[in-house]
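Trainee: Just to be clear, the model below is a prediction. Sequence and coordinates:
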Protein chains: 2
Amino acid sequence: MITSRENARVKQVCAYQSKKKERDRDGVFVAEGWRLVSEAPPEALAEVYVSASFRVRASSEEQRFLEQNAAVVTDVSDAVFAKMSAVKTPQGILAVVKRREQDAPGLRQAQPADDSGTLSSSKGPSAPVLILDGIQDSGNLGTIFRSAEAAGVSHILMSADCADIYNPKVVRATMGSIFRIPFSQTEDLPAEIRALREGPGVRVFAAMLDQQARAYHTIDMTERPVGFVIGNEANGIRAEVAEACDDRVYIPMAGKNESLNAAVSASVLLFEAARQRASCSTP
Amino acid sequence: MITSRENARVKQVCAYQSKKKERDRDGVFVAEGWRLVSEAPPEALAEVYVSASFRVRASSEEQRFLEQNAAVVTDVSDAVFAKMSAVKTPQGILAVVKRREQDAPGLRQAQPADDSGTLSSSKGPSAPVLILDGIQDSGNLGTIFRSAEAAGVSHILMSADCADIYNPKVVRATMGSIFRIPFSQTEDLPAEIRALREGPGVRVFAAMLDQQARAYHTIDMTERPVGFVIGNEANGIRAEVAEACDDRVYIPMAGKNESLNAAVSASVLLFEAARQRASCSTP
């Protein structure tokens, strides 16, 4: 059991928690809490740390997990775990997780991430693609991943200046969707959007209010796969990104606010696409 | 100009920012930033504080506002403003705002909050009611208000154990909707739900996954006004609250997550109601 807070591995985990550079260099991120750790693909678990308290109180399911992954599990004292943890009330388990190889979205066909969901039978080739242009808030980014999985999104494409998806706060807010939704980042979002339109033939809509924008509920989202671009919380979608899209879409709003929260906008659009696909497949 | 951080009024504003008891005792809350301050009903502005820097850089619109409200405006030094502020990078303007009298939702008919929105013509008597059972996250609560206004909600009814709507973080996240949406809190949510069902004849749905729940997109939300209950982020809706409702509704989900973010769930349901009303009113 590691009992020294000065242990080199302990310090390395702390660096992964707080420093993007360290995470990027080693191609890893930290998943903290039983739920996230247990949902990580077993082959991606590089290191698992458990506190003495966690070990003592572990349920039979948790004990089984620790036995099956014994080769990568390290026990640490509660004080050491508290140092490694990024949350206020640590559960006593965290993992250093290897990142997946990321596919380019233009190269892959939309594939359902799962086939147990109620909407899955209708996903097939028309599952939507979600495109994020400069989403900055870590809570929003995680919530968007969570919603996207639930709405049956096939791929999330992010501009390079989005918040770091591997930030511990974002990872937690995804509720495990980070392990299940294919995603990628790009330095040239307009080029990737054009490739998506040409290759898989996705119809890409920029979510923004302007004179040419169409109300989202008047669009047929079942003919062809659709993609939605959601812009930065304060500044919206960049002009060159909007120009690379097929069309513009907006959510009609009552009242005086000019916009919705970014995660809400993404969710309303994606669940409308899911609803249309479900209605479509109803006999 | 107030230049002392020990000034009694400065200390009182700090107390309003950080202490629910102080806010409740005086029936006020703090709105910070130009946008929020300018959107507050003028008659509700008890005190307005501006920093020296704000005064110097004020736009003509801001100057007009300061002149019109000169009776309640107090200038303070930048250092004093920094002490009063609850944000990292203060804009240099905040207001102490008097709360509205709150109506009981059972006593009022649904009224559109505004008639300039695209959906407003279809709101009329079928505008939905939103009911919150123990929403704890302040960001969620504010975002829910913002979405509810945009979706044309007539009233938000909250259980007494929701996060404090007058918390500065919640107020900011509402983006001003707190000034425009009628809302109320109750110690007895089941009784209020029963009153809503009987009086205005609202059909109330508990948003929860169980065997009797109906998929949200299969419900006709245009016949009668609908109400949706959104439950606590971790524990969902209390049994006695769910029992007071007409029916249960769920959002079909693909993938492995068991739930959506509370603000996302509320928004998907409310915008489906808005979509149905808009489709209905299209000739």
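Mentor: Received, thanks.
Trainee: Okay, the residue positioned nearest the centre of chain A and A:Ile165: tell me how far apart.
Mentor: By Cα atoms, centre = their mean, the mean C-alpha position of chain A lies nearest to A:Phe145, the distance being 3.5 Å. Counting by Cβ to Cβ, to the nearest Å, the separation of A:Phe145 from A:Ile165 is 8 Å. Using the backbone N, CA and C atoms, a C-beta is placed for each residue, glycine as well.
Trainee: So for these two, which residues contact both of them?
Mentor: Each of A:178, A:183 lies in contact with both A:Phe145 and A:Ile165 under the rule Cβ atoms under 8 Å, 6 or more residues apart in numbering or on different chains.
Trainee: show me where the stretch 51-200 of chain A has strands.
Mentor: A:73-76, A:93-98, A:129-133, A:155-159, A:183-186 (DSSP state E, counting those that start in this stretch).
Trainee: For the third one, which strands pair with it and how are they oriented?
Mentor: Meaning strand A:129-133. strand A:155-159 (parallel), strand A:226-231 (parallel) (DSSP bridges).
Trainee: Would you format these as TSV with mean neighbour count included?
Mentor: Putting the strands paired with strand A:129-133 into TSV (neighbours: other Cβ atoms under 10 Å in any protein chain shown) gives the following:
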stretch	mean neighbour count
strand A:155-159	25
strand A:226-231	26
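Trainee: Test my guess that A:Val72 contacts A:Ala44.
Mentor: No. With contact defined as Cβ atoms under 8 Å, A:Val72 does not reach A:Ala44; the gap is 10.5 Å.
Trainee: of these two, who's got more company?
Mentor: Neighbour totals were compared for A:Val72 and A:Ala44, and A:Ala44 leads with 16 against 13 (other Cβ atoms under 10 Å in any protein chain shown).
Trainee: The more buried one contacts A:Val96, correct?
Mentor: No. Assessed by Cβ under 8 Å, A:Ala44 is found out of contact with A:Val96, at 9.6 Å.
Trainee: wait, does stretch A:77-92 make contact with chain B?
Mentor: No. Stretch A:77-92 lies out of reach of chain B by Cβ under 8 Å from any Cβ of the partner chain, never closer than 13.0 Å.
Trainee: what about A:Arg248, neighbour count?
Mentor: A:Arg248, neighbours per other Cβ under 10 Å, totals 18.
Trainee: what are the bridge partners for it, then?
Mentor: Beta bridges link A:Arg248 to A:Ala206, judged by DSSP bridges.
Trainee: any idea how far it lies from A:Ala262?
Mentor: Counting by Cβ to Cβ, the gap from A:Arg248 to A:Ala262 is 16 Å.
Trainee: Export the strands paired with strand A:129-133 as TSV, with columns for mean pLDDT and distance to A:Phe179.
Mentor: Shown next, in TSV, are the strands paired with strand A:129-133 (pLDDT from 0 to 100; distance: least, Cβ to Cβ, whole Å):
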stretch	mean pLDDT	distance to A:Phe179
strand A:155-159	97	13
strand A:226-231	98	22
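Trainee: Same list, those, but as a markdown table with distance to A:Lys83 please.
Mentor: As requested, those are arranged in a markdown table below (distance: least, Cβ to Cβ, whole Å):
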| stretch | distance to A:Lys83 |
| --- | --- |
| strand A:155-159 | 31 |
| strand A:226-231 | 37 |
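Trainee: Would you confirm that A:Ala244 contacts A:Ala195?
Mentor: No. A:Ala244 is beyond contact range of A:Ala195, at 9.8 Å (criterion: Cβ under 8 Å).
Trainee: all helices of chain A, in order?
Mentor: Assigned helices in chain A, in chain order: A:8-18, A:20-26, A:34-39, A:52-57, A:60-68, A:78-84, A:138-150, A:168-173, A:189-198, A:239-243, A:262-281 (criterion: DSSP state H).
Trainee: Please identify the deepest-packed of those.
Mentor: helix A:138-150 (a mean of 27; mean count of other Cβ atoms under 10 Å in any protein chain shown).
Trainee: Show me the shaky parts of chain A.
Mentor: A:102-125, A:281-283 (pLDDT under 70).
Trainee: According to the record, where do the domains of it fall?
Mentor: Domain assignment for chain A by automatic domain parsing gives A:8-98, A:105-281.
Trainee: Please identify which of these is closest to B:Ala254.
Mentor: domain A:105-281 (3.2 Å; Cβ to Cβ).
Trainee: As TSV, the domains of chain A with distance to B:Ser279 would be great.
Mentor: TSV is the format used below for the domains of chain A (distance: least, Cβ to Cβ, whole Å):
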stretch	distance to B:Ser279
domain A:8-98	38
domain A:105-281	7
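Trainee: No further queries at this time; thank you.
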